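K.L.:
I would like to see how this sequence folds:
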Amino acid sequence: MDFIRKRGHNEIVEITTPVLMTWHDGKSMLCGDFRALKNYTKPDRYPIPRIPHALDKLAKAKYITKMDCIKVSHQIGVKPNSMNLLRIICHMGI
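P.N.:
Numbers count the residues shown, from 1 in each chain. The predicted structure follows:
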């Protein structure tokens, strides 16, 4: 992911490095390394809190819920103008 090309009407095409994740049971999943994307995006106004701060808040909570995100890949909606930033490019195309 050494470079980003601009095409046409401010359309940004990300060159993202594919990463193959292998689980303990031998199953694999193709992911993308999006670290270089941080150089081209604005910081989140509401970032994920640091773990110690989150644990302090949980200790004072009256109710706690749990969300199972084990198979969350390709299931979180993004705005249409952000989809081109999440492409993985490999030898077979996008």
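K.L.:
Can you tell me the SS state at residue 29?
P.N.:
Here residue 29 is strand, with the state taken from DSSP: H, G, I helix; E, B strand; the rest coil.
K.L.:
the bottom helix or strand of this structure by mean pLDDT?
P.N.:
Using mean pLDDT, DSSP states H and E, strand 4-7 stands out as the lowest-scoring helix or strand of the chain, at a mean of 44.
K.L.:
Looking at residue 92 now. What's its pLDDT?
P.N.:
Residue 92 carries a pLDDT value of 66.
K.L.:
ditto for residue 52
P.N.:
As predicted, residue 52 sits at a pLDDT of 91.
K.L.:
now the one 4 residues further on
P.N.:
Looking at residue 56, its pLDDT reads 90.
K.L.:
Look up how far residue 64 lies from it.
P.N.:
14 Å (CB to CB, to the nearest Å). C-beta coordinates here come from the backbone N, C-alpha and C atoms, glycine included.
K.L.:
Tell me which of the two has more neighbours.
P.N.:
The residue with more neighbours, out of residue 56 and residue 64, is residue 56; 11 against 6, by other CB atoms under 10 Å.
K.L.:
Which strand or helix spans the more buried one?
P.N.:
Assessed by DSSP states H and E, residue 56 sits inside helix 51-59.
K.L.:
which outside residues touch that helix?
P.N.:
Residues outside helix 51-59 that contact it (CB atoms under 8 Å, 6 or more residues apart in numbering) are 49, 64.
K.L.:
Mind doing that once more with 10 Å?
P.N.:
Under the contact criterion CB atoms under 10 Å, 6 or more residues apart in numbering, helix 51-59 has outside partners 48-50, 64.
K.L.:
Wasn't residue 21 part of a strand?
P.N.:
Yes. Remark: residue 21 belongs to a strand, assigned using three-state DSSP.
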